[in-house]
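A.B. asks: I need the structure of the sequence given here:
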Amino acid sequence: MVDSEDAISKARKAVNERAELPGMSLMEHLDELRRRIVHSAAYLAVGFFVCWFFRDRIVAFLQAPLNKIGKSLVFTHPMDALNLDLQASLLAGAILASPFILFQVWLFIAPGLYQKERRFVVPFMGATVGLFLTGASFGYFFVLPAAIKILIVDFGHNFTPMVTIEDYTSFFLSVILGLGISFELPILIFFLALLGVVSPKFLWDNIRYAILAVFLVAAIITPSPDPWTMCIYAIPMLVLYLVGIGVAWWVHPSRRKAKEMAS
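C.D. replies: All right, here's what the predicted structure looks like:
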């Protein structure tokens, strides 16, 4: 009798939780998506114009790793200098506006989550921005200077380097954005585990494939050919994968259900 009452109580609780999720038609979803994209574009535009007034400082910050070895940028097209200012302002503006853009992302996915799952909004935003900035900072202060030294000073010591604005900007973005996005691995695992797509056991059982995938990604995005730089990329991603296993254990539905049953 007691077991049946508990089962009925849990069933009612599940129904009530499901009732929390508002039903939306396809057109309503598309309209909500359009609204969030418009708001995100507006925040990005504001961030861009704010950073445009500080473009000289931003460009100087971008060139600093190259200036430290006594080199400076050259341009081969009249538009190169303007393009650098635009790209630097856009990148800095996107980082500045990222908390507001991420909040728009959360507002779009929040209707599909239970009320108790929406409490993750602050950790989600803080972790997403923090991990990206950590990865970008790691790339700027450690990977980028090491790669420039290896490629220009060590391998290119018999030649006269002529680093163009276009080539350096592409190289800079590949390092900074590559590591910044790579550091978002725990966030990806968070959502996959929250939705029950992956489990901690699955992630741990397949860790050998994860290691292979991490080194393949590191080999693709590593700007220099030496294996040490590849390891500099790969090791943080492996650590973040292990962190992601812990995150998956924390938010996976099976653990939450077991906790509810125990209570």
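A.B. asks: mind showing which ranges of the chain have poor pLDDT?
C.D. replies: Applying pLDDT under 70 to the chain flags the ranges 1-26, 112-118, 223-226, 252-263.
A.B. asks: which residues in it form helices?
C.D. replies: For the chain, applying DSSP state H gives helices covering 2-19, 26-52, 55-67, 80-109, 121-138, 144-148, 165-182, 185-194, 200-205, 207-221, 227-251, 253-262.
A.B. asks: Out of those helices, which gets nearest to D154?
C.D. replies: Judged by CB to CB, the one of the helices of the chain that comes nearest to D154 is helix 144-148, at 10.0 Å. Any C-beta I mention is one placed from the backbone N, CA and C, and that applies to glycine too.
A.B. asks: Only the buried residues of the closest one, if you could.
C.D. replies: L144, P145, A146, A147, I148 (16 or more other CB atoms under 10 Å).
A.B. asks: surely the first one meets A64?
C.D. replies: No - judged on CB atoms under 8 Å, L144 makes no contact with A64 at a distance of 9.6 Å.
A.B. asks: re earlier: with distance to F120 added, can I get the buried residues of helix 144-148 in CSV?
C.D. replies: As requested, the buried residues of helix 144-148 are arranged in CSV below (distance: CB to CB, whole Å):
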residue, distance to F120
L144, 33
P145, 36
A146, 36
A147, 36
I148, 39
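A.B. asks: For burial, what's the neighbour tally of G156?
C.D. replies: Neighbour count for G156, taken as other CB atoms under 10 Å: 12.
A.B. asks: ugh, wrong one, F190
C.D. replies: By other CB under 10 Å, neighbour count at F190 equals 21.
A.B. asks: That one and Q104, how far apart?
C.D. replies: 18 Å (CB to CB, to the nearest Å).
A.B. asks: now do G246
C.D. replies: Distance, G246 to Q104, by CB to CB: 28 Å.
A.B. asks: Between the two, which is the more surrounded one?
C.D. replies: Counted by other CB under 10 Å, G246 and Q104 do not tie: Q104 has more neighbours, with 18 against 12.
A.B. asks: OK, contacts around that one?
C.D. replies: Neighbouring residues of Q104 by CB atoms under 8 Å, 6 or more residues apart in numbering: R36, H39, S40, Y43.
A.B. asks: List only buried entries from the residues you listed.
C.D. replies: Neighbour-count burial (16+ other CB under 10 Å) applied to these gives R36, H39, S40, Y43.
A.B. asks: Which residues are in contact with the last one?
C.D. replies: If you count contacts by CB under 8 Å, 6+ apart, Y43 has them with A97, F100, I101, Q104.
A.B. asks: need the contact list for V243.
C.D. replies: Each residue near V243 by CB under 8 Å, 6+ apart is listed here: P186.
A.B. asks: can you check T76 too?
C.D. replies: Counting by CB under 8 Å, 6+ apart, T76 makes contact with T164, E166.
A.B. asks: how near is it to I148?
C.D. replies: Per CB to CB, T76 is found 20 Å from I148.
A.B. asks: ok, now L177?
C.D. replies: 17 Å.
A.B. asks: With A64 instead?
C.D. replies: 11 Å.
A.B. asks: go on, L82?
C.D. replies: Distance, L82 to I148, by CB to CB: 24 Å.
A.B. asks: Would you agree W249 is in contact with F202?
C.D. replies: No - between W249 and F202 there is no contact under CB under 8 Å: 11.3 Å.
A.B. asks: can you pull the buried residues of stretch 173-190?
C.D. replies: By neighbour count on 16+ other CB under 10 Å, the buried set for stretch 173-190 is 174-180, 182-187, 189-190.
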